[in-house]
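J.: I would like to see how this sequence folds:
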Amino acid sequence: MPGVYGTVRPANINPQDDVEIYYHYRPTRGTLDDSFGETFKLGEASWLTETSTETSDGTETKLLNGLYTLKLPMDKFSEKGIYTVYIKPKEYELRIVDVSILENYTNPVVEGIVVNRKDVGGKDITGYRIEYYDTNNKITDTVRLVTSCNACMPVKVSLGDTYARTTRYRINNVSSEDLYFLTLTPSSSSSYKPNVAPSPGYVGQTIHIINTKFNPVMLEIEMVDHDADTISTMLEGDQIRDLDHGLITTYDENKQIYKQHEYYTLKSKNGIPMYDVKALKSPSEMDTEGQAYDNIIER
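T.: Sure thing, here's the model as predicted:
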């Protein structure tokens, strides 16, 4: 369609700083055991790596912005069963240090909240989302976006205007106070409540600050004993039946031993054949040398 242009681009993220990964495990889909109800955190998102592309001169360059490779650690994903993996934007839980305005900005007033810089890793959180919790530690429906983030320092002033607080803040990016002054949106009254300004929160209130660089993603991963290739090997792979030793050996596409079974017949006390048995041999029990494909075929 002429005149229509795309406006969505992949975000620039740092997996270590911007991503959290959680997972939940259960042996089967129908497992109701409470011992499998816990959700675990994978620590930092070190299993997400950027995808690189090799150029014509042989050098690697990260051209595929927004595309990452997920590598799950086998020490945590080794059991057979269902894994639910939740990849979400990283968030910080902290408390509001103060609610005040900027010094010398009283007409109009520039109001915001003050937080501890260490609580957000010391980085610029402009564009992040703030979610508020009530006194019962329940999340509320109030959401704000951070429109600016600057280091600041507190300043005591005499009341010379209508704003009640005597502690104001001055933007100072070399401040040793370890504080951030955050301005939020919306900051002005709505048209249907012109006399009620949006509340930025209150001192001591618990908030979560979350980056808005991507939407959460949930993946379901099933760890199984067999995939399409191994099933195909058992159905279509080469087999050799050793009549002398009672062995059936199945080989993969490289003529390496994949599985080995022992077969025999169970008879009654009177010597009458009753059952044909095909028993899988463990890797330690397999006759790998005597049943090697090349050794048998070359005889």
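
J.: Could you pick out the longest strand of the protein?
T.: Counting by DSSP state E, the longest strand found in the chain is strand 139-156.

J.: With only the CA atoms kept, save the helix or strand hosting L266 in PDB.
T.: Per DSSP states H and E, L266 falls inside strand 257-267. Only the C-alpha atoms of strand 257-267 are listed here, as PDB (Å, rounded to 0.1, in the frame of the first residue of the first chain):
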ATOM      1  CA  ILE A 257      26.100 -48.600  17.100                       C
ATOM      2  CA  TYR A 258      23.000 -46.800  18.300                       C
ATOM      3  CA  LYS A 259      21.100 -49.500  20.100                       C
ATOM      4  CA  GLN A 260      21.600 -53.200  20.900                       C
ATOM      5  CA  HIS A 261      19.100 -55.800  22.000                       C
ATOM      6  CA  GLU A 262      19.400 -59.300  23.200                       C
ATOM      7  CA  TYR A 263      16.800 -61.700  21.900                       C
ATOM      8  CA  TYR A 264      16.000 -65.200  23.200                       C
ATOM      9  CA  THR A 265      13.100 -67.600  23.700                       C
ATOM     10  CA  LEU A 266      11.600 -68.600  27.000                       C
ATOM     11  CA  LYS A 267      10.400 -72.200  27.200                       C
END
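
J.: taking the mean pLDDT, what do you get for it?
T.: Strand 257-267 comes out with an average pLDDT of 93.

J.: before we move on, what about stretch 156-169?
T.: For stretch 156-169, mean pLDDT is 77.

J.: what does stretch 201-219 contact?
T.: 11-13, 18, 70, 84-99, 113, 115, 120, 125, 127-133, 137, 139, 145-146 (CB atoms under 8 Å, 6 or more residues apart in numbering). From N, CA and C alone the C-beta is placed, and that goes for glycine too.

J.: Which of those fall in helices?
T.: The members of the contacts of stretch 201-219 that map onto helices under DSSP state H are D18.

J.: In strands, which of the contacts of stretch 201-219 fall?
T.: In this view, the contacts of stretch 201-219 that belong to strands under DSSP E are 70, 84-89, 91-95, 98-99, 113, 115, 129-133, 139, 145-146.
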